[in-house]
Every structure is written in structure tokens, then in C-alpha cells.
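Undergrad: Have a look at this prediction, sequence included:
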Amino acid sequence: MPLISELRDDIKKYIKKHELSKKWEKAKKLFENNPSHPSLNTELLEPKHRLIYSFRIDRRYRALFICLSGDNIEIIAITKHYRK
């Protein structure tokens, strides 16, 4: 099972600023138990050779991540999926 590394301080601040703490914790637990859970919509982003993936936190926000050694995952950003 994958394990998400400790978040960087800037990502923690972003989650708090956008009031995503509860949704983040729920998505993190789902991901660590089953990265292919349908509600996460986990996907490899383009261009695929960069090996950057995303999973859904909610309808608006996504967590971008990379796979490190073993089953370790590093979240590199939390972003809005749709920009308007």
C-alpha cells in the first residue's frame, strides 16, 4: 500500500487556506488504502514521461504527486482542477 510523505509547509497552508482539511484527510486515507478507488479518479498526467499523477480531493481540487522509492508518495501540489 502506498504511503504519502509528510506534506511541505506550503501545501499544508494551501489546504488550510482553502478549507480542505477534512476532504484532504478523507482522500488521503482512501488513496493509502486503495489508490485505484473510483472516487479518487487517479490518473497519469500528460506528458506521461514526467510521471506526475493526480487524484481527486473533491470536484474542484486535485493532489499532484510523484512516486518515490518503494511505496512512498510525495505530494508536489494541490491545485484547482478547473481554472476560470
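TA: In hand now; what should we look at?
Undergrad: tell me which element the closest residue to Asp58 other than its chain neighbours is part of?
TA: Nearest in space to Asp58, with sequence neighbours left out and distances taken as CB to CB, 6 or more residues apart in numbering, is Lys23 at 5.1 Å. For the C-beta atoms, the positions are set from N, CA and C on the backbone; glycine is no exception. Assigned by DSSP states H and E, Lys23 belongs to helix 21-33.
Undergrad: by contact count, what packs against that helix?
TA: When contacts are defined as 3 or more CB pairs under 8 Å, 6 or more residues apart in numbering; DSSP states H and E, helix 21-33 sits against strand 3-4, strand 53-56, strand 61-67.
Undergrad: Now do that helix against strand 61-67, angle only.
TA: If you take axes from the mean of the first three to the mean of the last three CA atoms, to 10 degrees, helix 21-33 sits at 40 degrees to strand 61-67.
Undergrad: chain center to the helix or strand that helix 21-33 is followed by, what's the gap?
TA: Next along the chain after helix 21-33, taking DSSP H and E as the criterion, comes strand 43-44. Chain-centre distance of strand 43-44: 11 Å, with CA atoms, centre = their mean, to the nearest Å.
Undergrad: Likewise for stretch 32-45?
TA: 9 Å.
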